[in-house]
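Novice: Sharing a model that was predicted from the sequence below.
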Amino acid sequence: MDFVKPVLDVAFRVCNSFGDCADHIRRLPENLDSLRTAMEKLADVYNDVKEKVEREENLEKKRTHVVGGWMERVEAMEKKVNELLNRCDEEIQKKFLHICCPKNCRASYKLAKMVGEKMDAVAVLQSEGSNFQEVSVPLPSPQVIERPLEEKAVVGHDSPFEEVWKWLQDEKVGSIGIYGMGGVGKTTLLKKINNKFLQLGNGFDIVIWVVVSRPTNLQTVQDTILSRLQIPDDRWKGSEEDGKAAEIWRVLKIKKFVLLLDDIWEPLDLLRVGIPPLNDGNESKIVFTTRSVDVCRGMTASKSIKVECLKEAEALSLFQAKLGKDTLNSHPDIPKLAEMVAKECKGLPLALLVISRAMASAKTPEEWERKRHMLRKCPKNLAGTEKDLFSVLAFSYESLPDEATKSCFLYCSLFPEDYDIYSPNLIQLWIGEGFVDEYDNIQEAINQGREIIERLKHACLLQEGRSPIIIGTEYLKMHDVIRDMALWLACEKGKKKNKFVVKDGVGLIRAQEVQKWKDAQKISLWNNTTVEELKKPPHFPSTETTLMRCMESFPHGFFTNMLIIRVLDISENEKLMELPVEIGYLITLQYLNLSFTGIKYLPTELKNLKNLRCLILDGMFSLKQLPSQMVSSLSSLQLFSMQYLPFTSKVDGIMLLKELEQLDHINDISITLRRDMPAQKLFNSHKLQRSIVWLQLNCRWHVNKLQLPPYLQTLILQDCDDLKDVEINFEKEMVMIPSKFPGQQHFLHLLSVHIDGCRKLLNLNWLIHASKLQSLTIAKCEIRKVIEDKRSLGSEIELGLSMFSRLIYLNLYCLRKLHSIHGRALPFPSLRQITVKGCPRLKKLPFDFTTGMSKKLEEIKGEQEWWDGLEWEDQSIKHNLTPYFQHLIFF
């Protein structure tokens, strides 16, 4: 009976197995539903993970290997489960499960068991997917991140781009400054440079873009760089400036990088940021944009380049591109009107973009003409100009260092569009206004005015102007759009439109309009403007400044009620024959300019102007005489100017000089002397000698030696027949700096010399000591050499200066005997223009191959025959200078 027990065990196991199999088979439909539910939940988890991954990948990150592997396993599981579900459905459809012993019990059991296994696997995947803390990691940093740049906006500026790109290839150039006025396209240029690295790379490890803006926040700059370098947050988040700088330094010191800094408003301390010094070892580069050339200097840029406004054709191309063909083609007249509007923007890209947007909806000529009129007369009313144009440009104004500089800038908007402003006259106006009023000595105030001009030029708020009439003098210009912005600011962002009243060439101004000026602070009327005759004198209780130039007429009593006026400029009014008497009662007046008027006599009432500091009577060719004791009555007078007095004038020169000598505060005199006796009076007066800054001598006197005042800035000698020599009247007490060589101090202030018709003046070696000379004109003289070689060499050694190192203009006319300017080549680092006419024996110019290399030289004017006959030490010199030559037919 021993065999019975094993048989029973086997039978028992078979029965249990059959029972389990039956149980699995019986529960198969239920488990299939559970598997489907589990897969749906897994799909939800999968989709959540997938969406998160895709978001991260859009942020320049990549999925982790763990997440990637999990997603692949889920996708594979989904495929296998779907196949299993289909097989199970087929098995169930066979409808054998209702029979106690299925036809294929083994196959059904196997399917049921697989369902259970898949349920367990799906549960594991679901758990894993729900517990992911991170699904992505940052991508390796790309060498360059492309900057969005609209193709239509990339017009012009090819030359500065090519120049900057050339410097980037130069191992000797480390940092590059790009400067220019607001809205001129500096950022566009920098973006173009950034994107160029996408194409070429040039072996740099990384290109970093940082917008600095204002006010400068050093830690924000550091955060941007740290993020770009993909330094883990836990290494610097929450750190102080020094800690962040250390992390930046640690990474960049072993990289060859390009750092692009956009919109810098003040010099940035790169060491504090953590930027390693640029040197030949790492060959890294820094390029930055700014509105101020002073920032380029403060950043010690290896090279700097100014971005200028677009040329007319480029500007029109950009304007048309932004305008769109639909608008341009909407009427045959619109292309021409678009050209006119584009010209109003004066090549400023930002203005072109803003104005094109404002004009894009105008589809008829009438709409264009209406909006063009608005642009010319009241640009702030044109859509977008305040928010997108003036507000952007105003950042430059807001960044000016003090209120005096801001006031001086706004003042320039009183001049007409495209007007070349004579800078000495502008500074005198500023003095009259009290903008540069902290100095007792007017020369110090003038120097401060020059500093402000340089500051405004460096901020790209003023430009250099040019005058075709007066050679060798400095003129300034304000870009039209900058001027519109300045007027907008001056009128409190358009809220008080009559605070600055500026009218240019408007014709007749009606009396009712004048009545609206009662709140005007400054009134400026120009060019063929006529004010209608008024029934009664208007009231201007707030007016401090009145500029009226080139007027057709002056209404009676116009100046009567200007109770607080400080500045009155009615110059350049040729039709003004008689000065309104009421001007003599403007007792608050500090500046009066009557230059180039037709006035014959000045009223004695001018003696009342006890607060007058500046009196300017230049070019008054009709003036017969000055009232006796008028000048000496002006007890506050500091500046007196009577330039270009005609030879026919009967003004008593001796009496005028005596009255000037009586004034306690006078320290700036510009005067023309036509006779011997006044000149002798000048040279014999210590006080007058110290005050003369501009002197014109035009008299046939019998003196062979001239002693010039020590502070003289401009000298004009005309038809001084017997004059043979010139020297400075040196006074020991005036020496500010001890010198072994007195000549070093003698001509320290002389800027401009004009010598005409002085036939016996053969020795000009005294010019050697004029180390700051900017303009030299010689005409109708008998000189053979401008400077003797031996004398100049010794003087240059003594002075430590190069001959004519600051000379900007050199003009030589009708010098029949002249054969040499100087025996050896001079560098002329500042020379812009040289003009030679009627000098047949001048066969050599003192130039070498470096002349013109400073990029200051603009033109060499002369007769073609003279130019062709010049002799050159080296033909390469002629080759370098030929592009600057202009054939002079007449002058």
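Specialist: Yep, it's here. Residues are numbered from 1 along each chain as shown.

Novice: all strands of the stretch 551-700 of the chain, in order?
Specialist: Along the stretch 551-700 of the chain, the segments classed as strands by DSSP state E, counting those that start in this stretch run 567-569, 591-593, 614-616, 639-642, 668-673, 692-698.

Novice: would you turn those strands into JSON lines with distance to residue 552, mean neighbour count and mean pLDDT?
Specialist: Every C-beta, even on glycine, is put in place using the N, C-alpha and C of the backbone. Below are those laid out as JSON lines (distance: least, CB to CB, whole Å; neighbours: other CB atoms under 10 Å; pLDDT from 0 to 100):
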{"stretch": "strand 567-569", "distance to residue 552": "17", "mean neighbour count": "24", "mean pLDDT": "97"}
{"stretch": "strand 591-593", "distance to residue 552": "19", "mean neighbour count": "23", "mean pLDDT": "97"}
{"stretch": "strand 614-616", "distance to residue 552": "22", "mean neighbour count": "23", "mean pLDDT": "97"}
{"stretch": "strand 639-642", "distance to residue 552": "26", "mean neighbour count": "24", "mean pLDDT": "96"}
{"stretch": "strand 668-673", "distance to residue 552": "29", "mean neighbour count": "24", "mean pLDDT": "92"}
{"stretch": "strand 692-698", "distance to residue 552": "31", "mean neighbour count": "22", "mean pLDDT": "91"}
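
Novice: hey, which helix or strand in this protein has the poorest pLDDT?
Specialist: None of the helices or strands of the chain scores lower by mean pLDDT, DSSP states H and E than helix 743-746, at a mean of 48.

Novice: So which residue is dead centre in the chain?
Specialist: Central residue check for the chain by CA atoms, centre = their mean: the C-alpha nearest the mean position is that of residue 181, 2.4 Å away.

Novice: give the contact list for the closest residue to that residue other than its chain neighbours.
Specialist: Ranked by CB to CB, 6 or more residues apart in numbering and with sequence neighbours excluded, the top spatial neighbour of residue 181 is residue 460, at 3.7 Å. Contacts of residue 460 were listed using CB atoms under 8 Å, 6 or more residues apart in numbering, and they are 179-182, 184, 291-293, 306, 396.

Novice: among the residues you listed, which ones are buried?
Specialist: Using 16 or more other CB atoms under 10 Å as the burial test, the contacts of residue 460 include 179-182, 184, 291-293, 396 as buried.

Novice: Need these in CSV (columns: pLDDT and secondary structure).
Specialist: Listed next are these as CSV, based on pLDDT from 0 to 100; DSSP: H, G, I helix; E, B strand; the rest coil:
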residue, pLDDT, secondary structure
179, 95, strand
180, 94, coil
181, 93, coil
182, 93, coil
184, 92, coil
291, 94, coil
292, 93, coil
293, 93, helix
396, 92, helix
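
Novice: Adding distance to residue 756, write those residues out as a markdown table.
Specialist: Formatted as a markdown table, the buried ones among the contacts of residue 460 follow (distance: CB to CB, whole Å):
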| residue | distance to residue 756 |
| --- | --- |
| 179 | 41 |
| 180 | 41 |
| 181 | 40 |
| 182 | 45 |
| 184 | 42 |
| 291 | 43 |
| 292 | 41 |
| 293 | 37 |
| 396 | 43 |
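
Novice: What's the biggest helix in this protein, counting residues?
Specialist: Longest helix in the chain, counting residues (DSSP state H): helix 28-58.

Novice: follow-up on the earlier one: wait, the residue nearest to the centre of the chain touches residue 479, no?
Specialist: Yes. Using CB atoms under 8 Å as the test, residue 181 is close enough to residue 479 to be in contact (6.6 Å).

Novice: which neighbours do the two share?
Specialist: Common neighbours of residue 181 and residue 479 (criterion: CB under 8 Å, 6+ apart): 309, 348.

Novice: how about residue 248, what does it touch?
Specialist: 222, 225-226, 229, 273-275.

Novice: Select from those every entry located in helices.
Specialist: Using DSSP H, 222, 225-226, 273 are the members of these that sit in helices.

Novice: Could you point out which residue ranges in the stretch 551-700 of the chain have low pLDDT?
Specialist: For the stretch 551-700 of the chain, applying pLDDT under 70 flags the ranges 676, 700.

Novice: Which pair of the ones in helices among the contacts of residue 248 spans the longest distance?
Specialist: 226 and 273 (10.4 Å; CB to CB).

Novice: Tell me how many other residues surround residue 403.
Specialist: 9 (other CB atoms under 10 Å).

Novice: What does it show for phi and psi?
Specialist: Dihedral pair for residue 403: phi -70, psi -30, per degrees, to the nearest 10.

Novice: buried sites along the longest helix of the chain?
Specialist: Using 16+ other CB under 10 Å as the test for burial, helix 28-58 gives 28, 31-32, 35, 38-39, 42, 45-46, 49-50, 52-53, 56.

Novice: and which of the ones in helices among the contacts of residue 248 is nearest to residue 66?
Specialist: Residue 66 has its nearest neighbour among the ones in helices among the contacts of residue 248 in residue 226, at 27.2 Å by CB to CB.

Novice: Looks to me like residue 322 is in a helix.
Specialist: Yes. Counting by DSSP: H, G, I helix; E, B strand; the rest coil, residue 322 is found in a helix.

Novice: Could you check how far residue 642 is from residue 672?
Specialist: With distances taken as CB to CB, to the nearest Å, residue 642 is found 6 Å from residue 672.

Novice: ok so, going back, between the buried residues of helix 28-58, which is closest to residue 110?
Specialist: Relative to residue 110, the closest of the buried residues of helix 28-58 is residue 28; by CB to CB it sits at 10.9 Å.
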